[in-house]
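Visitor: Below is the sequence, then the predicted model.
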Amino acid sequence: MIGTMIRMGAALAALVQDQPPRAEPAAPPAACAPARAAAAADALFSVPFRVVDGRIYVSAMVNGTGPHNFAVDTGASGMGRADAALVRDLGLSVTGSGQSSDGVTTASVDTVRLASVELGGLVRRDIDVITRDYASRMSADAAFAGILGRAFFEDGLLIIDYPARRLTFTRALSLGSDDPGVLRYERAFRVPVRIGDTVVQGNLDTGANVAFVLPKPLFDRIDGGTVTAAGEGRLTNGSISTGRAVMKGPFRIGAATLSDIEVRVSDRFPELLVGAYALQHFTLLIDQRSSRVALCPA
């Protein structure tokens, strides 16, 4: 069952697209071996994906119907989300309720039960998901029928190969604890991020169409530079005022290094967010069985 506090993914998915940062080349560490071996492994699926405004989209079957357009969002807790239009089309009834937090504001939400969601050879049955009207807030090309959340991929290794636009899931491979470049997390998916000489926890969120969002106190502490107004950033349950700045960095996340980055700055956002426009230069590996992730240079 869904818990009483449910964090929505794509926390900053409606912020204006930032200029892409510059990725510095680096030799792939041992942690990246599973990404190279995935094609030969006994993968449950390896499917292409498309990207719209940073977000990953795949085709999934729901209750034996489809294919339907689903977003893959590492910022979304639970199995996933269902758009109100999909719920109507499938003739589903509300089965429960819960609370949704975007990190700033909490809102009440309805839940429905999906008999099955299938992506390639991976099938989840009888799952409870949040339902909301997502599509009306999005452009036609960015609209989706639902979201695949973290728990959908919790029992294997998820490989998001941004450069190749391919999503792979396997239980035959794993991230080793001793491999250089592997990052351990306690809360999904908060990992150490080094900004210059400062190390903080950053949330890896494939559903956010920004490079980085920095809380204003963190930005000031690392002397990030001049901030200019950037307007309102829309969250899942509301909006916040944001500023814009260009930071030389470098930002280092495991084996990944980024420099000359346009970031967003917010007085109200509570944590460092690492969004899709930072992650898109790399292959992201997530192994929830061992609470480990790795970012691999292209």
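Guide: On my side now, so go ahead.

Visitor: and residue 97, that's in a helix?
Guide: No - using DSSP: H, G, I helix; E, B strand; the rest coil, the secondary structure at residue 97 is strand, not a helix.

Visitor: confidence score at the residue lying closest to residue 166 once chain neighbours are set aside?
Guide: Nearest residue to residue 166 in three dimensions, chain neighbours excluded: residue 48, at 5.8 Å (C-beta to C-beta, 6 or more residues apart in numbering). Just so you know, the C-beta spots here come from the backbone N, C-alpha and C atoms, and that holds for glycine as well. pLDDT for residue 48: 96.

Visitor: isn't residue 48 right next to residue 168, touching?
Guide: No - assessed by C-beta atoms under 8 Å, residue 48 is found out of contact with residue 168, at 10.5 Å.

Visitor: between the two, who's got more neighbours?
Guide: Neighbour count, other C-beta atoms under 10 Å: between residue 48 and residue 168, residue 168 has more, with 25 against 11.

Visitor: Could you measure from that one over to residue 51?
Guide: According to C-beta to C-beta, to the nearest Å, residue 168 and residue 51 sit 16 Å apart.

Visitor: try residue 279
Guide: Look at residue 279 and residue 51: by C-beta to C-beta, they are 11 Å apart.

Visitor: tell me what the longest strand anywhere in the chain is packed against?
Guide: Scanning the chain for the strand with the most residues, using DSSP state E, yields strand 106-119. Other helices and strands packing on strand 106-119, by 3 or more C-beta pairs under 8 Å, 6 or more residues apart in numbering; DSSP states H and E, are strand 55-62, strand 80-83, strand 96-101, strand 122-132, strand 146-148.

Visitor: Count the neighbours of residue 97 for me.
Guide: Summarising burial for residue 97: neighbours were counted as other C-beta under 10 Å, giving 12.

Visitor: Now do it, the pLDDT please.
Guide: Value listed for residue 97 in the pLDDT field: 88.

Visitor: How about residue 21?
Guide: Looking at residue 21, its pLDDT reads 69.

Visitor: same deal with residue 180?
Guide: You'll see residue 180 listed with a pLDDT of 75.

Visitor: Remind me which helix or strand it belongs to.
Guide: Following DSSP states H and E, one finds residue 180 outside all helices and strands.

Visitor: circling back: tabulate the helices and strands packed on strand 106-119 (CSV), appending distance to residue 231.
Guide: Putting the helices and strands packed on strand 106-119 into CSV (distance: least, C-beta to C-beta, whole Å) gives the following:
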stretch, distance to residue 231
strand 55-62, 20
strand 80-83, 26
strand 96-101, 23
strand 122-132, 24
strand 146-148, 25
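
Visitor: worst average pLDDT in the ones you listed?
Guide: Looking at the helices and strands packed on strand 106-119, the bottom one is strand 96-101 with a mean of 82.

Visitor: now the angle between strand 106-119 and that one, please.
Guide: Here the directions of strand 96-101 and strand 106-119 differ by 110 degrees (axes from the mean of the first three to the mean of the last three C-alpha atoms, to 10 degrees).

Visitor: Centre of the chain to strand 96-101, how far?
Guide: 20 Å (C-alpha atoms, centre = their mean, to the nearest Å).

Visitor: how about the helices of the stretch 101-250 of the chain, start to end?
Guide: Secondary structure of the stretch 101-250 of the chain (DSSP state H, counting those that start in this stretch): helices at 216-221.
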